[in-house]
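J.: Quick one, what's the 3D model for this:
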Amino acid sequence: MSEPIRIHGFTTEVLAWKPWLDVVNLDTATPAQLAAMDEMSAQARSSPYFLLLAHQPEILMQRSIAFNAIMFAPGGMPRAERELGATVESRVNGCVYCASVHAQRFEQLAKRSDVIEQVFTEPSSAGTTAREKAIVAFSVRLGSAPDEIAAEDIRALRQAGLAELEILDLIHSVALFAWANRLMLNLGEPVFPA
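T.: So this is what the prediction gives:
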């Protein structure tokens, strides 16, 4: 995409992240800590976030397994739409870092940024198609009032053309980021480019 989007403190720029607790030193990391980071991604050993979470390698391992299964599983909802759900949840929760990462992934996969501009501006009205509007509206509702989700919310997704597996994938991706955002927001802070 062209210029980064910057709206209401949210951005599609590549951000750094500064932890508020000490991270694992790779030179003294245990085999379990290294394996847990490797389960996440090849870049995890250079990420302050994963170096921090590696203090509890079993939790990091389980987090990585869940993340990879939810965000990268074949079939079901297209990856771009899973990333959109994650971006919306991150925007609703105020997690600038996660919103940036997943907005970038949406742009890479969908080859467009129009809905990201809308999500950053006003998530409750974002979406460029009926399907996208339904995905965003459900993600906002699940993020802001999870106890109010009802059968009619699921029916609205079906009416917008989502299959059952796609609905389940959307719920998983939004719910995953309800948790992931809380980790990011309470363990450190985003660092904007100079």
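
J.: Point out where the chain drops to low pLDDT.
T.: Where the chain drops to pLDDT under 70, the residues are 1.

J.: Break it into its domains for me.
T.: Domain assignment of the chain by automatic domain parsing yields the ranges 16-72, 77-178.

J.: what about the residue nearest to the spatial centre of the chain, is that helix, strand or coil?
T.: Using C-alpha atoms, centre = their mean, the residue of the chain that lies closest to the mean C-alpha position is A86, 3.6 Å off. With DSSP: H, G, I helix; E, B strand; the rest coil as the basis, A86 sits in helix.

J.: Which of the three states applies to the residue lying closest to it once chain neighbours are set aside?
T.: Using C-beta to C-beta, 6 or more residues apart in numbering and skipping the chain neighbours, the partner closest in space to A86 is H102 (4.1 Å). Where you see a C-beta, it was placed from the backbone N, CA and C, and this is true even at glycine. Here H102 is helix, with the state taken from three-state DSSP.

J.: cool, and A156?
T.: The three-state label given to A156 by three-state DSSP is helix.

J.: My guess is it contacts K133. True?
T.: No - the pair A156 / K133 is not scored as a contact, 9.7 Å apart, by C-beta atoms under 8 Å.

J.: Which positions within the strand or helix carrying R141 qualify as buried?
T.: Applying DSSP states H and E as the criterion places R141 in helix 130-144. For helix 130-144, the neighbour count (16 or more other C-beta atoms under 10 Å) marks 131-143 as buried.

J.: Pull the contacting residues for A66.
T.: Applying C-beta atoms under 8 Å, 6 or more residues apart in numbering to A66 gives the contacts L176.

J.: how about 10 Å then?
T.: Contacts for A66 (C-beta atoms under 10 Å, 6 or more residues apart in numbering) come out as H172, L176, W179, A180.

J.: Out of those, list just those in helices.
T.: Secondary structure defined by DSSP state H assigns H172, L176, W179, A180 of these to helices.
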